[in-house]
Each structure stands twice: as structure tokens, then as C-alpha cells.
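Student: from the sequence below, what's the structure:
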Amino acid sequence: MSRPAITKPPTPKAAKPEPASEHAVPIGPKVLAILEVAVRARRPLLLEGPTGIGKSQIVAEFARANGIGFKVLDLSLLEPPDLVGLPVIHGGRTHYAAPSELPGEADGERGILMLEELNRAEIPVMQPALQLLSARRLHAYELPDGWTCVAAVNPEDGDYQVNRLDPALRSRFLGVTVAADRGEWLAWAARHSVHPVVSETVRDHTDAFGHVSPRSWAYASELLHALRQGEQTNRELVHALMPGYLPASWAVLVTDSVARYATAFPPASPEPDLATLLAPDGPQALAAVVRALGDAQRIDAITMLASKLREQLAGNVLLDSRAPLRTRDQLLEHLANVFASLPGDLREQCLETAARSLDREAHRKARG
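Tutor: The predicted structure is shown next:
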């Protein structure tokens, strides 16, 4: 069955694409390669580019893929004591208690400290940030040897309320201008179960990122995935949701496309049976369902299936008579095998929900 045709909307008059520098590096493998070298050299990295293109996300994905720590400091929300620590008196001398947000021994030997909104921070916050970048320390606190700082900022020449980074601060960084790339984003979308309507819209329109950031397209996808059976054909509801992230003409396009898609590809996500998945052949059972949906190009149904799984995991007791011989760790190991057939982001979400459910049940039992 062919997919519904998607018609290009009129160009939104209120939005203008942001010109990308000819030297901009597309968010994707090239940025990951730069990150690899910067981390290896322990040199702080500055990623500068428009909002919503995935600067912070690709750093988080790099840390996760390499099994290293990842901590985030949003400098725009901090005051100087939040970064340098509060003064305490010990032995008649003033010391500064390092904030728990800064990496310590418990956070692992290697990692990335992400400095968000560096050029939105107040000047008194920028100064200690400069010391952290140049000397890798704040008073008595020292950044662990295996940790590297990465900062993400919006351009100073765009429509952003940002402070200018002076040459002294910029000189501490390996500066890289980054930009969104449709091809790289579509590859990312395929790995992260972006709704088919959103993927096809971006694929079929070269100006999709000229008027809407990649992040907004991803947010629109999350809304579409959250629609229940029957809601996708409710044009009034979808049209009320889409303008929250998309300009008017794009919202109309997506609304019409969703209705056609829902008619041509009605929901076919099966109801998961948690008892079956907890059985020894649970991994094979789920893999067969996911494989069938994947062959039918039903990414949306796989996402819906994962959503139903999370609902069951959150609302069911796992440490009960259905699995009397399994400890918490054994259950999580089994579920990791069960969810292995799901796309990466959905697999992690299901495992996180299961872990929270197990911890909640253990806490309830401990309280009697």
C-alpha cells in the first residue's frame, strides 16, 4: 500500500530561514568525531548554533554511547554561589563547599560537564566559569582529570537575548559552529521512532528547517504519537495541537497528512501481555511483534506498543507471584533482553519505567 501523498504548503511569510555559515558543521557524525578528539585532548568545546538543532542532545548521546558520565549546568539559572559554592568555616579558615552538580568521585573517572546557556549567564557567573575552563578548578574544587567541559550557545548575531562572550573566554574553547542538516536529522529520526508524517514532511520539503527547528518537529512527533485511536482522524483536535510547535501553514499540512495517514494505515499495535513477556520466551515473543510491525513500516505502532508497555510496567507489581524466583536485578536483566528488539530510545524508556516500578514496590514493602 502506498503512503498518502503530502502536498507542500505555502511558505510561511512570517518566518525566514536562518542563514547557515559555510563553515558550519552539520549535527551528526562530524560533530561526534570532533567531540571524540576534544574529550581525548581534554580541551573544552564550544558548540555555537541556532536553538533547537540538537547541540545538547548530541553531546548527551555521545556520553551515553561511550559509557562516560554526563552532568549539566544551566548557567542562565545560576548565581555565583551556585557555581563556586557556599563559604564554610573550618579550622578558622574560609573554605567553599563545592556544589553537588559539579562532577565528583561518585560520578566516574571520565565524563562531560555540559555548560548550558553560557552566553545567557550573568557576568558574575561567567567569571568563575572562565576559571573552571582555564584552570579546571574553582577554589579548592578540581575538575576530575577524565572530565571535559562542553558549552552550547546561540549565535550573538541572531535574534537571541545573549551576552557577548569576550575574547578571553572564547579563547579557552575549541570553537565549532554547528547547523542542522536534514539528511543527518532524518537518519536520527529513523533511529528514534519519529512519527512517519513528520519524517516524510521533513524529507519532502527542503525548507522544513528554515521555518521550524528540528526540536520543534520532534516535539510535534511526540504529540502525534500520543494520540489515541480515533484522535488522529479528529482534525479539529490535531489542528489545535500542531500550532503549538509549527507555523500555521505547516500545522495545516501536518493535520491533513495525519488524517490521511490514519485512514490509510489504521492503528495495528497489539496489546502487550506482561505475563507473557516475563516468561522465559518473552524476548522472542516481543521480537516477533516488533519485527512484523517494522516490516509493515509501522513505526508509529511500535511507539504505541512501547507506550502501552510503559503503562503496564508503571501500574503492575513485578516482584510478585508471577516471578517468585527473580530478584530485582534478575528481572531487569530479563526485561533488558525482552526490550532489546525495540528502538534505542523506546528500549531505554521501558527499562527506566520498569526500574522505577521495582524501586517503588521495594520501598513499599520495606515500609511494611
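
Student: can we go C-alpha only for contacts and neighbour counts from here?
Tutor: Will do.

Student: what strand or helix carries the most centrally placed residue in the chain?
Tutor: With distances taken as Cα atoms, centre = their mean, the residue of the chain nearest its centroid is residue 57 (5.1 Å). Using DSSP states H and E, residue 57 falls within helix 55-65.

Student: any buried residues in that helix, and which?
Tutor: For helix 55-65, burial by neighbour count (16 or more other Cα atoms under 10 Å) applies to 55-56, 58-60, 62-63.

Student: next: stretch 160-176.
Tutor: 162, 165, 169, 172-173, 176.

Student: chain center to that stretch: distance?
Tutor: 25 Å (Cα atoms, centre = their mean, to the nearest Å).

Student: by mean pLDDT, which helix or strand of the chain comes out lowest?
Tutor: strand 93-97 (a mean of 68; mean pLDDT, DSSP states H and E).

Student: quick one: the strands in the stretch 51-200 of the chain?
Tutor: 69-74, 86-90, 93-97, 110-116, 137-138, 141-142, 146-153, 174-179 (DSSP state E, counting those that start in this stretch).

Student: again but with the stretch 251-368 of the chain, I slipped
Tutor: In order along the chain, the stretch 251-368 of the chain carries no strands (DSSP E, counting those that start in this stretch).

Student: if we can go back for a sec, now the buried residues of helix 55-65 as TSV including pLDDT and distance to residue 204?
Tutor: Converted to TSV, the buried residues of helix 55-65 look like this (pLDDT from 0 to 100; distance: Cα to Cα, whole Å):
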residue	pLDDT	distance to residue 204
55	91	24
56	90	26
58	92	24
59	93	28
60	92	29
62	92	29
63	92	32
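
Student: and of those residues, the nearest to residue 33?
Tutor: Among the buried residues of helix 55-65, residue 62 lies closest to residue 33 (Cα to Cα), at 9.6 Å.

Student: got the domain ranges for the protein?
Tutor: The record's domain parsing of the chain by automatic domain parsing lists 25-179, 182-264, 274-366.

Student: so which bits of the helix or strand encompassing residue 239 are buried?
Tutor: Per DSSP H and E: residue 239 is located in helix 235-241. For helix 235-241, a neighbour-count test (16+ other Cα under 10 Å) marks 238-239, 241 as buried.

Student: quick one: low-confidence parts of this structure?
Tutor: Residues of the chain meeting the criterion pLDDT under 70: 1-22, 82, 84-87, 95-99, 158-159, 264-270, 296-297, 300, 315-326, 365-368.

Student: just how off-centre is the longest helix along it within its chain?
Tutor: Counting by DSSP state H, the longest helix found in the chain is helix 344-366. Relative to the mean C-alpha coordinate of its chain, helix 344-366 is positioned 19 Å out (Cα atoms, centre = their mean).

Student: correct me, but residue 302 touches residue 293?
Tutor: Yes. Under the criterion of Cα atoms under 8 Å, residue 302 makes contact with residue 293 at 6.6 Å.

Student: more neighbours, the two?
Tutor: residue 302 (25 against 19; other Cα atoms under 10 Å).

Student: quick one: buried residues of stretch 121-137?
Tutor: Of all the residues in stretch 121-137, those buried under the rule 16+ other Cα under 10 Å are 121-123, 125-126, 128-130, 132-134, 136-137.

Student: from the residues you listed, which is closest to residue 216?
Tutor: Out of those, the member with the shortest distance to residue 216 (by Cα to Cα) is residue 121, at 24.2 Å.

Student: what sits against that closest one?
Tutor: Residue 121 makes contact with 75-78, 163 under the criterion Cα atoms under 8 Å, 6 or more residues apart in numbering.

Student: most neighbours, which of the residues you listed?
Tutor: Neighbour max across the contacts of residue 121 (other Cα under 10 Å) = residue 75, 23 neighbours.

Student: how near is that residue to residue 114?
Tutor: 10 Å (Cα to Cα, to the nearest Å).

Student: so the residue lying farthest from the centre of the chain versus residue 140, what's the distance?
Tutor: Within the chain, residue 92 marks the point farthest from the mean C-alpha position, 46.1 Å out by Cα atoms, centre = their mean. As judged by Cα to Cα, residue 92 and residue 140 stand 16 Å apart.

Student: kindly report the same for residue 61.
Tutor: Distance, residue 61 to residue 140, using Cα to Cα: 31 Å.

Student: how many neighbours does residue 343 have?
Tutor: Counted with other Cα under 10 Å, residue 343 comes out at 18.

Student: then residue 33?
Tutor: Count around residue 33 with other Cα under 10 Å applied: 11.

Student: what does residue 146 give?
Tutor: When neighbours are defined as other Cα under 10 Å, residue 146 has 16 of them.

Student: correct me, but it touches residue 107?
Tutor: No. Contact between residue 146 and residue 107 fails when scored by Cα under 8 Å: they sit 10.8 Å apart.

Student: related to what we said a few turns ago, can you list the buried residues of helix 55-65 in TSV and add distance to residue 185?
Tutor: Shown next, in TSV, are the buried residues of helix 55-65 (distance: Cα to Cα, whole Å):
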residue	distance to residue 185
55	12
56	14
58	11
59	15
60	16
62	16
63	19
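
Student: please consider this matter closed, and thank you.
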